[in-house]
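[1] Fold the stuff below for me.
(one chain, ligands or ions: 3)
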Amino acid sequence: MTPDGLSTLDVLLIEDSDEDAVLLKRQLETAGYRVNLERVDTGGALIKALGQKRWDIVFSDFSMPSFDGIQALKIVREHDRDLPFIIVSGTIGEERAAQLMKLGAQDYVIKGNVLRLVPAIERELQEAKLRREHRLAQDHIRHIAYFHPLTQLANRHRLVEDLQELLGLATPVALMIVNLINFHEINGALGYPNGDQLIRDVAGRLQEVELNGGHLYHLHGNEFAVLLRTENRRQVEEIAQDALKALAPHFVCAGLRIHIGARVGIASSRRHDGDPHTLLQHADLASRFAKHEGKTYAWYDAERDPSSPARLALLADLHDALSTDQVFLVFQPKVQCPTGVVTGAEALLRWRHPEHGLIAPDMFVGMAERSGLIDELTHHVLRRVSDQMRSWRRNGLAMPVAINLSAKNLVNRRLMAEILSVQSENENSRIDVEITETALMHDPDQALAALRELRNAGVRIYVDDFGIGFSSLGYLKKLPIHSVKIDKSFVIDLVHSADSDTIVRSTIGLAHNLGLEVIAEGVENHDTWERLASYRCDEGQGNHFAEPLMAEEFARRFGPGASFST
Ligand code: C2E
Ligand code: CA
Ligand code: CA
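    Residues are numbered from 1 along each chain as shown. Ligands and ions are numbered 1, 2, ... in the order given. Okay, the predicted model is just below:
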């Protein structure tokens, strides 16, 4: 309403006759409106007028020399789905009128019929308002359904729908899942509001990455996805590397410099039978392959998929192979820093399959964990380590040997009792255990009870793969552990990556403050070893000293008194 109590009506009139325009304006004014009216009579002028301002209503003549009502209606509807459009014309016939209504005209009024005109305007303005409100609400609901509230990026639903569409058209696509690594730790240490801000910053960095027509999604928490319309390995890997590069520089949060590691899993649409969920699952699995390999990205590989039929057959083979010499142990020395004295060994599993050749433990250990075979596997490792230690001792080689435990092993009473009994059998050589930080987080209460028992029996406890999981050193303080083992992914590039260097140096410092020792795995060269020594690392392990060796070879090289001149 205006100050004089009249409603202002911005009217766009499509009409070739000036006189008719004047007439309509007068009719509207008589009916009580204050009218701003603009007349156009070509498509070009109409488009221009629509772009200039927001109109309340459009009136259109039906037949004009260079233009007609149907063309006009189409232009208006492309511009605005809700703007009231009323045909004001001489008779146009039932058929035409019906056609116009179908195309989205709201009403049809015979020229000069003021009595019909005014109520039509009132009704249409009211309805347009409702239509707009409804559409806004729909858009809002759609937004909530399809966008992540934290980052406003498209979410998982949207990704599934987009995948459905592209796979339905047999478009080649690659799906990348980007997992942030230490995120839980950050939320725990800095609180959720800071964690949320950090996620938004991460999203901002990822949005800067050139995706070549691809699309970025925020699936949940610390998980993002990128959908690319190509399966070309090189192109996809370049984008994966760009995304990783974008996240590499530190972030600043709550005044702290924070390094966020990321891992990318990639699956391509070939061989996925058009199912979005399978593709998602495969990309997710690929990111776990990357983790196991200590890589920043990896492709899905059916051969390594625990649910693929070939893998199920493999699992049955593993069960049968456990008591044969297809499955055996190799030993890698642990070396004191900086002296180079060999202080112990880690037992690592190998499986030489009669058909598939040597299978890496990363592959079958995970499979055994998921299938429930892991306790039996660990039981075999323990028996063999015990036999080996006895035999070495007979030959004058007494040294602690560490075995790797999985999360499930810790809650198996029988297995824990077995470790204690092996420990008591071996008077002057210990058995040690290595447990990943994720395993410790699995069931902290159970883990705590089991670890206490082990520690009381003199077993040393190493936290394996430290740095790539979620736990903080503060949390570890509460556990009865002796040593943290810095993951090889930080150690391997220690001398070439400032970030790895910072992580290694600060981990050593913090662990020492908590009274914990530190061992670095993945020492591949002399420079790394020197750097570790300068940071006062306690022990090292890696190919620089020796790769995992067969027991006889190990005894020959590291028999009594052996050490490295490093
Ligand atoms: P892990 O416990 O972190 O073992 C260290 C891995 O790093 C070993 O791989 C070892 O060969 C490798 N490594 C050692 N030095 C270097 C180096 O200088 N450079 C590089 N690039 N790698 C190095 P491996 O033997 O393939 O074992 C992989 C994983 O399989 C182990 O990681 C462990 O998680 C699992 N695993 C192996 N044996 C057992 C076992 O008996 N029980 C359980 N539960 N897991 C096992
Ligand atoms: Ca280990
Ligand atoms: Ca490790």
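
[2] confidence score at Glu434?
    Looking at Glu434, its pLDDT is 97.

[3] ok, residues contacting the strand or helix carrying it?
    Using DSSP states H and E, Glu434 sits within strand 431-436. Here strand 431-436 makes contact (CB atoms under 8 Å, 6 or more residues apart in numbering) with 344, 346, 385-386, 389, 400-405, 407, 410, 419, 422-423, 447, 451, 454, 459-465, 469, 485. All C-beta spots, glycine's among them, are computed from the backbone N, C-alpha and C.

[4] With stretch 535-549 instead?
    Contacts of stretch 535-549 (CB under 8 Å, 6+ apart): 330-337, 343, 346, 348, 350, 483, 485, 488, 491, 504-505, 508-509, 512, 517-526, 528-529, 532, 554, 557-558, 564.

[5] One more pass at 6 Å, please.
    Stretch 535-549 has contacts (CB atoms under 6 Å, 6 or more residues apart in numbering) with 330-337, 348, 505, 508, 517-525, 532, 564.

[6] near ligand 2 at all, the strand holding Glu434?
    Yes - counting by CB under 5 Å from the ion, contacts between strand 431-436 and ligand 2 involve Glu434.

[7] For stretch 403-422, give the mean pLDDT please.
    Mean pLDDT, stretch 403-422: 93.

[8] If we go by neighbour counts, what in that stretch is buried?
    For stretch 403-422, burial by neighbour count (16 or more other CB atoms under 10 Å) applies to 403-410, 412, 415-416, 418-420, 422.

[9] Those residues in strands, which ones?
    Of those, the ones assigned to strands by DSSP state E are Ile403, Asn404, Leu405.

[10] for these, which one is nearest ligand 1?
    Asn404 (3.5 Å; CB to the nearest ligand atom).

[11] Tell me what the residue nearest to that closest one when sequence neighbours are not counted is bridged to.
    Take Asn404 and drop its neighbours on the chain: the residue closest to it by CB to CB, 6 or more residues apart in numbering is Glu434, 4.9 Å away. Residues in a beta bridge with Glu434, per DSSP bridges, are Asn404, Tyr462.

[12] count of neighbours near Glu434?
    Counted by other CB atoms under 10 Å, the residues lying close to Glu434 total 21.

[13] cool, and Ile177?
    The number of residues packed near Ile177 is 26, by other CB under 10 Å.

[14] Pull the residues that contact the host helix or strand of it.
    Element membership of Ile177 [criterion: DSSP H and E] is strand 174-180. Strand 174-180 has contacts (CB under 6 Å, 6+ apart) with 222-228, 231, 236, 240, 243, 260, 262-268, 279, 283-284, 287.

[15] Just the CA atoms of it, as CSV, please.
    The C-alpha trace of strand 174-180 is given here as CSV (Å, rounded to 0.1, in the frame of the first residue of the first chain):
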residue,chain,number,x,y,z
ALA,A,174,35.4,-42.1,-11.5
LEU,A,175,34.4,-41.6,-7.9
MET,A,176,37.0,-40.3,-5.4
ILE,A,177,36.4,-40.5,-1.6
VAL,A,178,38.6,-38.1,0.3
ASN,A,179,39.0,-39.1,4.0
LEU,A,180,40.6,-36.7,6.5
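
[16] partner strands of that strand, parallel or antiparallel?
    strand 223-228 (antiparallel), strand 262-268 (antiparallel).

[17] and Lys485, that's in a helix?
    No - if the criterion is DSSP: H, G, I helix; E, B strand; the rest coil, then Lys485 is strand and not within a helix.

[18] Is it in contact with Ile519, as I believe?
    Yes - proximity of Lys485 to Ile519 meets the contact threshold set by CB atoms under 6 Å, at 4.8 Å.

[19] Compare the two (neighbour count), which wins?
    Counted by other CB under 10 Å, Lys485 and Ile519 do not tie: Ile519 has more neighbours, with 30 against 27.

[20] Could you pull up the residues touching that one?
    Per CB under 6 Å, 6+ apart, neighbours of Ile519: Ser483, Lys485, Glu539.

[21] Let me have those in CSV, extended by distance to ligand 1 and pLDDT.
    As requested, those are exported to CSV (distance: CB to the nearest ligand atom, whole Å; pLDDT from 0 to 100):
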residue, distance to ligand 1, pLDDT
Ser483, 13, 95
Lys485, 7, 95
Glu539, 13, 98
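
[22] For Leu247, grab the count of nearby residues.
    By the criterion of other CB under 10 Å, Leu247 has 22 neighbours.

[23] now it: how far from ligand 1?
    23 Å (CB to the nearest ligand atom, to the nearest Å).

[24] and what of Gln99?
    Computed with CB to the nearest ligand atom, the distance linking Gln99 and ligand 1 is 72 Å.

[25] Which secondary structure element is home to that residue?
    Per DSSP H and E: Gln99 is located in helix 94-102.

[26] Tell me how far that helix lies from the chain's centre.
    Distance of helix 94-102 from the chain centroid (CA atoms, centre = their mean, to the nearest Å) equals 53 Å.

[27] ditto for stretch 494-513
    26 Å.

[28] Of all the residues in it, which ones are buried?
    Within stretch 494-513, the residues that count as buried by 16+ other CB under 10 Å are Leu494, Ser500, Asp501, Ile503, Val504, Arg505, Thr507, Ile508, Leu510, Ala511.

[29] Tyr297 pairs with what?
    Under the criterion used (DSSP bridges), Tyr297 bridges to Val264.

[30] mind listing what it touches?
    By CB under 6 Å, 6+ apart, the contact set of Tyr297 is Ala240, Val264, Ala290.

[31] doesn't the last one fall inside a strand?
    The reference is to Ala290. No - counting by three-state DSSP, Ala290 is not found in a strand; it is helix.

[32] Which residues are in contact with it?
    Arg263, Tyr297, Ala298.

[33] any idea how far Glu15 lies from Ser391?
    Separation of Glu15 from Ser391 (CB to CB, to the nearest Å): 105 Å.

[34] what about the two, which has more around it?
    Legend: neighbour count by other CB under 10 Å for Glu15 and Ser391, higher for Glu15 (23 against 13).

[35] Rebuild the strands paired with strand 174-180 as TSV, extending it with mean pLDDT.
    What follows is the strands paired with strand 174-180, written out as TSV (pLDDT from 0 to 100):
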stretch	mean pLDDT
strand 223-228	97
strand 262-268	94
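
[36] Nearest to Arg370, out of those strands?
    Arg370 lies closest, by CB to CB, to one member of those: strand 262-268, at 17.2 Å.

[37] tell me how far that closest one is from the chain's mean position?
    Strand 262-268 has its C-alpha centroid displaced from the chain centroid by 8 Å (CA atoms, centre = their mean).

[38] quick check: mean pLDDT across the helix holding Gln99?
    Average pLDDT, helix 94-102: 80.
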